[in-house]
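1. Could you work out the structure for the sequence below:
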Amino acid sequence: MPESIRIDVETLFACHPFAREILGRLTGAGHRAVLNGGVVRDGVRSLLDPDVLFEPTDVDIATSASPDEVRRLFRDRPVVGVGEAFGVLVVVGPSGTPYEVATFRAEGDYDGRWPGKVELVGDVEADVKRRDLTINGLVATPDGTVIDLVGGVEDLKAGRIRTIGDPLARFREDHLRMLRAIRFACQVGGEIDPATEGAIRDLAPSIVSVSWERIRDEVLRTLATGQSARGVRLWGELGLLCLILPEVAAMRGVPQPEAYHPEGDVYVHTLLALEVADRFVRDPLVKLAILLHDVGKPYALERAGGQNMAGHCAVGARMVERIAARLRLSRSEIARLVFLVRNHMRIADLPEMGRGKQVRFVSEGEVPGARSLRERYPSFFDLLQLLVADCEASAHRESGWAPILRETLRIADHIDRVGSLARARALIDGHALVALGMRPGRDLGAVLERLHDRILAGEITSREEALAEARRAVARQSDGT
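-> Residues are numbered from 1 along each chain as shown. A predicted model of the protein is given here:
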């Protein structure tokens, strides 16, 4: 490549026309303004590798203008001070897209998480030198010309992940950078420089000082890459896994029946399942479920005196609830993870279930009105993805998941003809049973479930039939039968 390279700013500005205006206003007022961060890194990657598609998402801008000067220049736009003490503002474009505009700055007096001293400067070089990795230290002028002050382009060419300056110093400044280095190795398919890797290994114990919210974000970002299994493996090799996800580290050396798992112990199986998932799963939360799906096996095996792993799904679901809470996931995210881990073995029984129970299972978390199978039954679709990864990482392979997929298609067709759980609830509910004289309680719930199962199976097709069957159930309860 020529010494002077340019990223494709026309593609960038086609997606983000307001970014061009931000740069224009800043430079027109006599300030220096550059593109920085991921958009420059990804633009360079697309030049180096024709297989990498340049899809600019977040666009960040750095400038010599002070925050006050930025506010004056964008009086006509909403400006949010997300980190004004650090010189960082967000300017909201006409389409509602936020753009980070940060004043060049130098930093010091870190506590392992944040800088205690920030100095706004007019020098782009000082701003670049404070960053973590060389591949993230690239900036570009408004016409796309790349300014490389730290060897980032050569490192991208070589597939090398390296800190800017002394790796021990960089990681001591912000311990989270250790996880970021691993994430970027997975994101760009690079190898971590030996000195950088050695510094991570030396400083790994300091990761415990970082907030769980920041650790969570890096965990999910790593899982969102196409090399998430490699990321987990690197966490383990460099001493981070036992500190951020000790429950996963505890899977190492836990034996499994060779007939079903010739691939190896629970840890080996889990990483292999994640490796399979890297080829087709995009949702990092589903990948987290795959990483944690067998987390209950070590305890279940110990509880059974080493005889079996019975109940590991229920054990794992309880553990996952605690792990997800530690990672500060939302309640809805925790519920998704728990559902997937608790049911990852139950889905194998789908062909043997009665039709009503099948529909109930598939319909869990249904989104009425959605067109595709994935959109209409998101929880079950997530479970299918976990099933495929799990089976492909064991002796079962396609024979484990193909029958389930075929049965799922039959059930979906049946639901289209008969209706889902929402329709069953519309035909008969608990209030109707109470109105007919049934006492509230466990028996009412059991009767209602049986009625719903028969509706879902197509045996009861109208409200009149549902009420008639409900009257018979009430009469049987009154007779004590």
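2. Go ahead and confirm E407 touches A348.
-> No: judged on C-beta atoms under 8 Å, E407 makes no contact with A348 at a distance of 10.7 Å. Every C-beta, even on glycine, is put in place using the N, C-alpha and C of the backbone.
3. separation between the nearest residue to E275 once chain neighbours are set aside and D443?
-> Excluding the flanking residues, the one nearest E275 by C-beta to C-beta, 6 or more residues apart in numbering is A229, at 3.9 Å. Applying C-beta to C-beta, to the nearest Å, the value for A229 to D443 is 49 Å.
4. cool, and I200?
-> Counting by C-beta to C-beta - I200 and D443 are separated by 60 Å.
5. Repeat that for D202.
-> From D202 across to D443, the span is 64 Å (C-beta to C-beta).
6. for A140, same thing?
-> Separation of A140 from D443 (C-beta to C-beta): 70 Å.
7. of those two, who's got more company?
-> A140 (22 against 13; other C-beta atoms under 10 Å).
8. phi, psi of that one?
-> With angles defined as degrees, to the nearest 10, A140 shows backbone torsions of phi -140, psi 140.
9. which regions of the stretch 351-481 of the chain lie under the pLDDT threshold?
-> In the predicted model of the stretch 351-481 of the chain, residues 478-481 satisfy pLDDT under 70.
10. for the stretch 101-250 of the chain, that is, sorry about that
-> Low-confidence segments of the stretch 101-250 of the chain, defined by pLDDT under 70: 107-119, 121.
11. just the helices in it please.
-> Remark: helices assigned in the stretch 101-250 of the chain by DSSP state H, counting those that start in this stretch are 124-129, 152-158, 167-173, 177-188, 194-203, 212-223, 228-237, 241-244, 246-249.
12. T461: which of those is closest?
-> Closest approach to T461 among the helices of the stretch 101-250 of the chain (C-beta to C-beta): helix 212-223, 44.8 Å.
13. List every C-alpha atom in that closest one, with coordinates, as CSV.
-> The C-alpha coordinates for helix 212-223 follow below in CSV (Å, rounded to 0.1, in the frame of the first residue of the first chain):
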residue,chain,number,x,y,z
TRP,A,212,-18.9,-5.5,36.7
GLU,A,213,-20.8,-3.2,34.3
ARG,A,214,-17.6,-2.5,32.3
ILE,A,215,-16.6,-6.2,32.5
ARG,A,216,-20.0,-7.2,31.3
ASP,A,217,-19.8,-4.9,28.3
GLU,A,218,-16.4,-6.4,27.3
VAL,A,219,-17.6,-9.9,27.8
LEU,A,220,-20.6,-9.4,25.5
ARG,A,221,-18.5,-7.5,22.9
THR,A,222,-16.1,-10.4,22.8
LEU,A,223,-19.0,-12.9,22.5
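14. Of all the residues in that helix, which ones are buried?
-> By neighbour count on 16 or more other C-beta atoms under 10 Å, the buried set for helix 212-223 is 214-223.
15. and what of stretch 44-54?
-> 44-47, 54.
16. Could I get the phi/psi values of N308?
-> Main-chain dihedrals, N308, degrees, to the nearest 10: phi -160, psi -180.
17. Could you check how many residues crowd around it?
-> 12.
18. Excluding sequence neighbours, find me the nearest residue to it.
-> L301 (7.3 Å).
19. ditto for G437
-> Computed as C-beta to C-beta, 6+ apart, the closest residue to G437 that is not its neighbour in sequence is V474, at 5.3 Å.
20. Would you agree that neighbour is in contact with L436?
-> Yes: using C-beta under 8 Å, V474 is in contact with L436, at 4.8 Å.
21. So which of these two has more stuff around it?
-> A direct count of neighbours by other C-beta under 10 Å for V474 and L436 places V474 higher, at 19 against 15.
22. Next up, identify which helix or strand that one is on.
-> Applying DSSP states H and E as the criterion places V474 in helix 463-479.
23. for the protein, which helix is longest?
-> Using DSSP state H, we find that the single longest helix of the chain is helix 398-418.
24. Please spell out which residues along it are buried.
-> Per 16+ other C-beta under 10 Å, helix 398-418 contains these buried residues: 400-401, 404, 407-408, 411-412, 414-415, 418.
25. nearest to A432, of the residues you listed?
-> Comparing those against A432 with C-beta to C-beta places V418 closest, at 19.7 Å.
26. what does the model give the residue nearest to N308 for pLDDT?
-> Note on L301: pLDDT of 85.
27. list the buried ones in the strand or helix carrying it?
-> Using DSSP H and E, L301 sits within helix 297-303. Buried residues in helix 297-303, defined by neighbour count with 16+ other C-beta under 10 Å: 297-301, 303.
28. Give me the residues contacting it.
-> Here helix 297-303 makes contact (C-beta atoms under 8 Å, 6 or more residues apart in numbering) with 250-251, 254, 256, 266, 308-312, 315-316, 319.
29. Most neighbours among these, which one?
-> Per-residue neighbour counts (other C-beta under 10 Å) across the contacts of helix 297-303 peak at G316, which has 28 neighbours.
30. and the buried residues of stretch 44-54, which of them are in strands?
-> Judged by DSSP state E, strands contain none of the buried residues of stretch 44-54.
31. can you list those in a markdown table and add distance to R328 and pLDDT?
-> Conversion of the buried residues of stretch 44-54 to a markdown table gives the following (distance: C-beta to C-beta, whole Å; pLDDT from 0 to 100):
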| residue | distance to R328 | pLDDT |
| --- | --- | --- |
| V44 | 34 | 95 |
| R45 | 31 | 94 |
| S46 | 34 | 94 |
| L47 | 38 | 94 |
| F54 | 33 | 91 |
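32. Let me have those residues in JSON lines, extended by distance to D60.
-> Listed next are the buried residues of stretch 44-54 as JSON lines, based on distance: C-beta to C-beta, whole Å:
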{"residue": "V44", "distance to D60": "15"}
{"residue": "R45", "distance to D60": "16"}
{"residue": "S46", "distance to D60": "17"}
{"residue": "L47", "distance to D60": "19"}
{"residue": "F54", "distance to D60": "16"}
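33. so how far does stretch 128-143 reach from one end to the other?
-> End-to-end distance for stretch 128-143: 19 Å, by C-alpha to C-alpha, to the nearest Å.
34. my bad, should have said stretch 54-74
-> One end of stretch 54-74 sits 28 Å from the other (C-alpha to C-alpha).
35. how about it: buried residues?
-> Neighbour count says stretch 54-74 has 54, 56, 59-65, 67, 69-71, 73-74 buried, by 16+ other C-beta under 10 Å.
36. Tell me the gap between it and the middle of its chain.
-> Its chain's average C-alpha position is 28 Å from that of stretch 54-74, according to C-alpha atoms, centre = their mean, to the nearest Å.
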